[in-house]
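Novice: here are the coordinates; sequence isn't available:
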């Protein structure tokens with residue numbers, strides 16, 4: 001007498017395998033969406049930092065006596081978001097025999113789905129030529 005040995009998966013084993021696969025894929029997709037959101041925030045920060053650095057380089061190449069004319073607020077586009085660029089120039093700061101001006105470039109923007117706005121701030125001091 002021979003026994004009929006059937007091999008393969010039963011319906012319960014297949015259902016358990018599919019359930020495990022769905023759980024693993026759900027976790028992977030959640031990580032993908034979180035990583036994509038973090039990449040967008042980093043991209044906006046990079047764009048704002050490049051804008052601030054470019055503005056700072058333009059100000060550094062300006063004449064010391066005309067630095068105050070750079071002060072002001074303007075709207076900027078950061079990727080697909082809108083933001084505000086604020087440039088402030090201090091009055092003369094005396095340090096012994098030297099005079100300086102403090103330059104601050106501040107770019108802020110509202111981030112979707114975040115309670116805290118994005119912000120990039122650059123500061124520098126420019127010395128009055130003798």
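Specialist: Now that the structure is in, tell me what you want to look at. Computed from a prediction, not measured in an experiment: that's the story for all the values here.
Novice: mind checking which residue lies nearest the centre of the chain?
Specialist: residue 45 (2.2 Å; CA atoms, centre = their mean).
Novice: what helix or strand is it on?
Specialist: Using DSSP states H and E, the element containing residue 45 is helix 11-60.
Novice: mind giving me the packing neighbours of that helix?
Specialist: Here helix 11-60 touches strand 72-78, strand 81-89, strand 98-109, strand 118-127, going by 3 or more CB pairs under 8 Å, 6 or more residues apart in numbering; DSSP states H and E. To be clear about C-beta, it is placed using only N, CA and C from the backbone, and glycine gets the same treatment.
Novice: got the angle between the second one and strand 118-127?
Specialist: Relative orientation of strand 81-89 versus strand 118-127 (axes from the mean of the first three to the mean of the last three CA atoms, to 10 degrees): 20 degrees.
Novice: list the buried ones in strand 81-89?
Specialist: Buried residues in strand 81-89, counted by 16 or more other CB atoms under 10 Å: 81, 83, 85, 87, 89.
Novice: mind listing what the second one touches?
Specialist: Spelled out, it's residue 83. 48, 75-77, 107-110, 118 (CB atoms under 8 Å, 6 or more residues apart in numbering).
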